[in-house]
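> sharing a model prediction with you, sequence too.
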Amino acid sequence: MENAAENKTDLKNRKSGMHTHRRLFALARGVHGFFPGIAFISLLIAAVVITQMYLLSIVISDVFLLNKVSNPMHLYYLIACIALRSILLWVRERFAQQTAVSIKSGLRQNLFSHLIKLGPAYTRTGKTGELIAILMEAVEKLDDYFTKYIPSVIHIIILPVTIIIFTFSIDWPSGLIMTITAPLILFFMWLIGTYAKKLTQDQWGQMSRLSSHFLDVLQGLKTLKIFGMNHQEAENVYKSSDDFRIITMRVLKVAFLSGMVLELAASISIALVAVQVGIRLIEGMMSFQPGLFVLLLAPEFYLPFRTLGSHHHAGMEGSAAAQKLFEIMDTQEDSGSIKVPENVSLSASPADLSKDPKGLTIHFKEVCFTYPDADKPVLQNINCTLNPGTLTALAGPTGSGKSTLARLLLGFLHPDSGIISANNYCVMEMEKEFWQQFIAYVPQHPHFFNGTILENLLMSKPHANMDEAEHAAQRSGAHAFIEQLPQGYHTPLTDNASRLSGGEKQRLAIARALLKDAPLLIMDEPTSSLDPESEQRAAEATELIANNRTTLVIAHRLRTVKNADNILVFNKGTIAETGRHNELISKKGIYSSYLETLGIN
Amino acid sequence: MLRVIGYIRQHKAAFIGAVLLAAGTILAGIGLMSTSGYLISRAAQRPMIVDLFMVTAGVRFFGISRAVVRYFERVVSHDLTFKILLSMRIGLYRQIDSFSQKWLMTRRPGDLLAGVTSDIETLQNVYLRIVSPIIVAFLIGALTFWGLTFFSMNMAWVTFLFFLLNGLAAPLLMARITRGRGKTEVQTRSRLKTFLVDRLQGMQELSWMGQQQNSRDSFNQMQGDLDHIQRKNAGISGLAESLNNLFSHLGMFFVLVMAIPLVMNGEIKGVVLAALTLGVLSSFEALQGLANAFIQYENSDEAARRLFSIAENKEAAADNSVPETQILSTIPEAITFQDISFSYDGVTPTLKAVSFTLSAGSCTAIVGSTGSGKSTLINLLLRFWPPDSGKIMVGGSDINQLEETSYRSLFGVVSQDNWIFNRSLRENLLLAKPEATDDELRESLIHVGLEHFAHDLDMEPGTQGMRFSGGERQLLALARAWLTQSHCWIFDEATAHLDVKTERKILDTLWALKGNRTLLMVTHRLLDMDKMDKILVMDKGEIVEQGTHAILLSANNYYARMFNHQNQILSY
């Protein structure tokens, strides 16, 4: 049973591998003239190689048998062929590389653009490293695929075929040897490609696991020291690595055997050509010059096979890299089925959403959401209203669905069913970029881009002037610390503003949101306590920000819930209670019992 | 770089064997082509078939031996590569083990160590890709030269010249061109990468601030810069193959041209001309890997420099000036910190003359906000590095004079960074007590409330203990502490980043298991403080307040303010 399942996934992998190759070839075909260009240059190379070997055989045979050079021009032609061959090789490489640059560039731009479209739900933290690796390194790995692998695949078709045709016209028995051995070699290469390759790859994969095991030991060194096991561990590392080497070598010995068979087929074929030509020479059935010509062509005939063998790795690597890349490209934005009720309009204009100066009216109707990799829904049948000019606080334990609700409203996630509407216009039907114009957001861990403080502030409102920015900073309490910095508003921020403290970042994030002055504000309060001074300022800023707009806060401060116009108490994906703080306390329901466990009355 | 070669030299026999086999592969190739050439030339003179018996046998021999020798070369050289990798790992492990923990911790150890392992991986190929091709090129070059001297000194020198051009001048030229041009490409690429990291991490802000189009435009522009450079550089790497081809065939051509007059005036027999030409051409195969070797050399050299600069760092070497001889035999009555001062960088003080005593069996909490110096005290106590001034006394001895392993066995540590190794649960637990039976291990798991794991000691926790939740990791650490039978338990922010319920569970488990052990708890969350015999409040490297929970609250000072703020936070 297990074996069958394994074979199945194996087959699937191989199929998707083939599929990846096909897509990569399609990309190359998309570049105008790439395939014909490479094929044409290959054909020229074949012609030059044959001419060169023909001239060489003439010169040698002249000198050997006639003791003279019958035509000195032959030597000049010969040197011209040599030069031409090298030039053609270089031209082919340059042409292929320039093509690769265009392909890589297009891929990267599409990928980045696609990632922006997929939005923060997809590029969430923890995945960034992997995505960067794909965009930078994996894309670059395709270089060899287009400059080495594809040309050598084309070359392996053109050169041997040309040489075989020539050889048949000169000496058919040698031609026959080549015709028989070439498919044989291809067969062995295929064999390596499937059986041995898998074997070696598995083993190399294990090898890299061993190296991550080593990293594991180094990272846990402190723990080892606490237990006094650090000296003993060196022996462990040695023993496990050495055992592994022995097992790996046993596998590699088998895997290399197929490589040997391939090599053997090529060199024995050359020997076979030489010996049978020799025998017919002795018997006077052919003359020396054509014999030598064929012998000179034989290694050239087998060379492309060897080249493809060595570039096969580039092909494998490229296709592995491409697989990850295509995976991103194939990821679609999630979109649930929407049944829009009659009283909700589909298309909105900017005026429709900004007509009320006190903000937007937001309705959640029967909204459900389940994360793709989860088995339970995080939100079930959510119904709620956020009114203009009011502050709504979300309360409830971690994992009860508070931040998912915020993410749905931000347009980062798409509900599985139900409707989110703003002023009675369906939010899910709007272009994300359009909808997000009306939102300002203060996340729990705000990100600041590389650039000055001013540039970061102005990102939320590109046409704002310095005065507006300063005003926003003053209201959020950020102005004071910005003024203290030697370069003030022109202080460059790097590495996500690592030089600023948690409290300072928080105030700057609020300033940014204030500057945008959007009708809907969403805020996620920090869970842990900042230093006492920052606590005070952050709380003041939260109250200030809520004026004259619709505000939604994921609350972690007692002060915030006390001041909220409405509290939505979350429990296991549903809204369990709603009301003001005092109402909920006197109700003695879930909310008051939460506060009790925290020791707050 | 020499250091890497030092590692290779540790495996002399395998090394010599691998090099000889690699040279043998090429020699067999030369043999195959020149005997073939001779065979058909000789055959053209139509001798008896018997006369050619030896030559045909030679052709077959070289044909087969080329493949066979190549096979053994691959086996031996890969085995050697593994052995080199192994020696480098062990060497490095010993080095890092001897480093002071202070040096490691001030250098983002995760990144540093990940870099180290990937550098080692680059260096494992030094033999296969660099050392072997260079030595083989030398050997074959010398042999070809020697072989040609039998025909003509001039011919030998000309071939030698082409070996130099092909094997030395061309790769050097290549390296020179790529270095200059490569630099701008690397810079442009790293600019692009920085931009990407920034924008992907800030995807949320990018969305709500409407920076999508703007980001796309900037990205495309930077990508355009990169394209421009890459287009200009296109073909440089292809130059290597092209030059190799050119010089190989030119070398053969000149040998042929020089041989022609010698054949005509009878100094060389015409029958060997084909063999000579083909043989010389095949000998250039020895130079094929060289261009790559030079490029590899640059990468490896960089990796080696990084790696060994770490390994030889004097600053990192642990400072063990005091001979450690004493072995602690009895359970100490008290642990005393006397005027401990410490600074990471030698400028800003982290601890300023801190003194306090932990008496046996007592419960002490050290509280304060991040950066107040709490965790540094623990690292000093565990002897990961020595204090700048002051002493820590345990049972009447300075801890610096105690034998390290036996001293550390006094403590059971549950901290934020307990490392769960990526090996079975059993092995993770056995670290604490190597001689423990499976039953004891199960008992420890049951004690800490991880009974659901007790039936499966073989379970693999995954990289960085991924398969355990945050709470389970801490409970596992507690199980390890329990196994060690240590006398003093240290809880260093053990419940940070956990939800309230899990936090409660861990603290309850602690109280249930503590017994009469000494407890030192470092925390910024003020929980169960009424159970403490003493609370030390730290701010900016100093103890600003101390006493019991009740006393500190009534003092209505720093501690009371911290406590009030904490109670305003809804952590649910």
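Nice, thanks for sending it over. Residues are numbered from 1 along each chain as shown, chains lettered A, B, ... in the order given.
> quick one: the strands in the stretch 301-450 of chain B?
Taking DSSP state E, counting those that start in this stretch to define them, one finds strands in the stretch 301-450 of chain B at B:334-342, B:351-359, B:363-367, B:389-394, B:397-398, B:411-415.
> show me the one of these that comes nearest chain A.
Checking the strands of the stretch 301-450 of chain B against chain A by C-beta to the nearest C-beta gives strand B:411-415 as the closest, at 5.2 Å. C-beta coordinates here come from the backbone N, C-alpha and C atoms, glycine included.
> that closest one vs chain A: in contact?
Yes. Judged by C-beta under 8 Å from any C-beta of the partner chain, strand B:411-415 and chain A are in contact via B:411, B:413.
> show me what that strand is packed against.
On a contact count with 3 or more C-beta pairs under 8 Å, 6 or more residues apart in numbering or on different chains; DSSP states H and E, strand B:411-415 meets helix B:374-381, helix B:470-484, strand B:488-492.
> what angle do that strand and strand B:488-492 make?
10 degrees (axes from the mean of the first three to the mean of the last three C-alpha atoms, to 10 degrees).
> strand B:411-415 pairs with which strands, and in what direction?
If you go by DSSP bridges, strand B:411-415 pairs up with strand B:488-492 (parallel).
> quick one on the thing from earlier: now the helices and strands packed on strand B:411-415 as TSV including mean neighbour count?
Output for the helices and strands packed on strand B:411-415, formatted as TSV (neighbours: other C-beta atoms under 10 Å in any protein chain shown):
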stretch	mean neighbour count
helix B:374-381	22
helix B:470-484	23
strand B:488-492	23
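> kindly reformat those as JSON lines containing mean pLDDT.
As requested, the helices and strands packed on strand B:411-415 are exported to JSON lines (pLDDT from 0 to 100):
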{"stretch": "helix B:374-381", "mean pLDDT": "86"}
{"stretch": "helix B:470-484", "mean pLDDT": "89"}
{"stretch": "strand B:488-492", "mean pLDDT": "91"}
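> distance to residue B:537 for these - can I get that in CSV?
Below are those laid out as CSV (distance: least, C-beta to C-beta, whole Å):
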stretch, distance to residue B:537
helix B:374-381, 10
helix B:470-484, 24
strand B:488-492, 17
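> so which of the ones you listed is nearest residue A:588?
With C-beta to C-beta, the closest approach to residue A:588 among those belongs to helix B:470-484: 29.8 Å.
> how about the CA coordinates for the closest one, as CSV?
Extracted C-alpha coordinates of helix B:470-484, given in CSV (Å, rounded to 0.1, in the frame of the first residue of the first chain):
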residue,chain,number,x,y,z
GLY,B,470,5.5,27.2,22.5
GLY,B,471,4.1,25.9,25.8
GLU,B,472,5.1,22.3,25.1
ARG,B,473,8.7,23.5,24.4
GLN,B,474,8.9,25.1,27.8
LEU,B,475,7.3,22.1,29.5
LEU,B,476,9.9,19.9,27.8
ALA,B,477,12.7,22.1,29.1
LEU,B,478,11.1,21.7,32.5
ALA,B,479,11.2,17.9,32.1
ARG,B,480,14.8,18.2,31.2
ALA,B,481,15.5,20.3,34.3
TRP,B,482,13.7,17.8,36.4
LEU,B,483,15.8,14.9,35.0
THR,B,484,19.1,16.6,35.9
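> tell me how many other residues surround the nearest residue to residue B:163 once chain neighbours are set aside.
Leaving aside its sequence neighbours, residue B:163 sits nearest to residue B:141 (C-beta to C-beta, 6 or more residues apart in numbering or on different chains; 4.5 Å). Residues lying near residue B:141 (other C-beta atoms under 10 Å in any protein chain shown) number 21.
> may I ask which helix or strand encompasses residue B:141?
Taking DSSP states H and E as the criterion, residue B:141 maps to helix B:132-149.
> what comes into contact with that helix?
Contact partners of helix B:132-149, identified using C-beta atoms under 8 Å, 6 or more residues apart in numbering or on different chains, comprise B:18-19, B:22-23, B:26-27, B:30, B:77, B:155-156, B:159-160, B:163, B:167, B:255, B:279-280, B:283, B:286-287, B:289-290, B:292-293.
> in chain B, what residue lies closest to chain A?
Closest point on chain B to chain A, by C-beta to the nearest C-beta, is residue B:238, at 2.4 Å.
> which helix or strand contains that residue?
helix B:236-264.
> now the angle between helix B:132-149 and that helix, please.
Using the same axes, to 10 degrees: helix B:236-264 against helix B:132-149 is 20 degrees.
> what mean pLDDT does helix B:236-264 have?
Averaging pLDDT along helix B:236-264 yields 90.
> and if you look at stretch B:547-563?
The average pLDDT for stretch B:547-563 rounds to 91.
> same deal with stretch A:181-188?
84.
> please apply the same query to stretch A:62-69.
The pLDDT scores in stretch A:62-69 average 90.
> check the offset of it from the chain's centre.
Relative to its chain's centre, stretch A:62-69 lies at 63 Å (C-alpha atoms, centre = their mean, to the nearest Å).
> just the C-alpha atoms of it, please, in CSV.
This file holds the C-alpha atoms of stretch A:62-69, laid out as CSV (Å, rounded to 0.1, in the frame of the first residue of the first chain):
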residue,chain,number,x,y,z
ASP,A,62,49.2,14.1,-47.9
VAL,A,63,52.2,14.4,-45.7
PHE,A,64,52.1,10.7,-44.6
LEU,A,65,51.5,9.1,-47.9
LEU,A,66,52.8,11.6,-50.5
ASN,A,67,55.4,13.3,-48.3
LYS,A,68,54.2,16.8,-49.4
VAL,A,69,51.5,19.3,-48.8
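> and the contacts of the next helix-or-strand element following the helix holding residue B:141?
Downstream of helix B:132-149, the first helix or strand assigned by DSSP H and E is helix B:153-164. With contact meaning C-beta under 8 Å, 6+ apart, helix B:153-164 is reached by B:137, B:141, B:144-146, B:148-149, B:247-248, B:250-251, B:254-255, B:258-259, B:280, B:283-284, B:287.
> can you tell if the helix or strand following helix B:153-164 touches chain A?
Next along the chain after helix B:153-164, taking DSSP H and E as the criterion, comes helix B:170-201. Yes. On the criterion C-beta under 8 Å from any C-beta, helix B:170-201 is in touch with chain A at B:189, B:192-201.
> buried ones in helix B:170-201?
B:170-171, B:173-175, B:178, B:182, B:188-189, B:192-193, B:195-201 (16 or more other C-beta atoms under 10 Å in any protein chain shown).
> next one: stretch A:458-473
For stretch A:458-473, burial by neighbour count (16+ other C-beta under 10 Å) applies to A:458-461, A:464, A:468-473.
> quick check: mean pLDDT across the helix or strand where residue B:19 lies?
Assigned by DSSP H and E, residue B:19 belongs to helix B:12-44. What helix B:12-44 shows for mean pLDDT is 92.
> before we move on, what about stretch B:383-391?
Across stretch B:383-391, the average pLDDT comes to 87.
> residues in contact with it?
For stretch B:383-391, using C-beta under 8 Å, 6+ apart, the contacting residues are A:222, A:225, B:100-102, B:105, B:319, B:337-343, B:351, B:353-355, B:379-380, B:398-400, B:404, B:407-408.
> repeat that for stretch B:259-270.
Taking C-beta under 8 Å, 6+ apart as the rule, stretch B:259-270 contacts A:59, A:63-65, A:67-69, B:41, B:151-152, B:155, B:273, B:276-277.
> which of those count as buried?
Applying 16+ other C-beta under 10 Å to the contacts of stretch B:259-270 flags A:59, A:63-65, A:69, B:41, B:151-152, B:155, B:273, B:276-277 as buried.
> where does chain B have low pLDDT?
B:1, B:100-114, B:311-330, B:370-371, B:463-465, B:571-572 (pLDDT under 70).
> could you pick out the longest helix of it?
Counting residues, the longest helix in chain B under DSSP state H turns out to be helix B:53-98.
> which parts of chain A belong to which domain?
For chain A, automatic domain parsing gives the domain ranges A:12-330, A:390-400+A:431-597.
> now the terminal residues of the shortest one, how far apart.
The stretch domain A:390-400+A:431-597 measures 28 Å between its terminal residues, going by C-alpha to C-alpha, to the nearest Å.
> what does stretch B:517-527 give?
End-to-end span of stretch B:517-527 (C-alpha to C-alpha): 19 Å.
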